[in-house]
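1. Got a predicted structure plus its sequence, pasted below:
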Amino acid sequence: MRTWYVKKLSKLTNISVRTLHYYDKINLLKPSARGPNGYRLYSEDDLLNLEQIIALKFFGFTLAQIRMIIQSKADTLKLLRSQLNLIQEEISYLENAQRKLLTSTISELESKKNVDWHGIVELIEAYAQANELKRQQTTEFFENQS
């Protein structure tokens, strides 16, 4: 079975050494062994786990959610479908919000009115708060799945 030190695994996967150390620290990806020099040694199974982490991050899962998925052996298909629905809802919401904000800003400028930039920023902040609430609900969903 092949093994890699952290620097080689970093080059192989384009994941920084610092990130790999962080994954080890938070118990997301522990190296299978340590070399005689104390350096981390990663196995082929570790590489497969790292690839799973990379894919799940790309799909929009948080590291906490990824840890739950990996540790609980949760129903991956159900979780991926749920994540897809959340992403589609978020895209739709963001597109509508941007369209409305841009349309109203353009109308204000065409009417030679002053743009209410403060109001726009408040709307953006409200969106961010709604988005954070949605993320908290998603985390609770994942916790209930494990």
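-> Sure thing, it's come through.

2. So Leu41 lies in a helix, does it not?
-> No - using DSSP: H, G, I helix; E, B strand; the rest coil, the secondary structure at Leu41 is strand, not a helix.

3. what's across from it in the sheet?
-> Using DSSP bridges, the bridge partners assigned to Leu41 are Tyr5, Ala33.

4. gap between it and Gln136?
-> For Leu41, the distance to Gln136 equals 37 Å [Cβ to Cβ, to the nearest Å]. C-beta coordinates here come from the backbone N, C-alpha and C atoms, glycine included.

5. Of those two, which one has the most company?
-> Using other Cβ atoms under 10 Å as the criterion, Leu41 and Gln136 rank with Leu41 on top: 18 against 10.

6. Would you agree the more buried one is in contact with Pro31?
-> Yes - the pair Leu41 and Pro31 qualifies as a contact (Cβ atoms under 8 Å) at a distance of 5.5 Å.

7. Name the single longest helix found in this protein.
-> If you go by DSSP state H, the chain has its longest helix at helix 76-110.

8. helices or strands up against it?
-> Counting contacts by 3 or more Cβ pairs under 8 Å, 6 or more residues apart in numbering; DSSP states H and E, helix 76-110 is packed against helix 117-145.

9. Please parse the chain into its domains.
-> Split into domains by automatic domain parsing, the chain comes to 3-58, 72-145.

10. any chance of those in TSV, with mean pLDDT and distance to Ile66 too?
-> Listed next are these as TSV, based on pLDDT from 0 to 100; distance: least, Cβ to Cβ, whole Å:
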stretch	mean pLDDT	distance to Ile66
domain 3-58	94	5
domain 72-145	76	10
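
11. Tell me which of those sits most buried.
-> Highest mean neighbour count among the domains of the chain (mean count of other Cβ atoms under 10 Å): domain 3-58, with a mean of 15.
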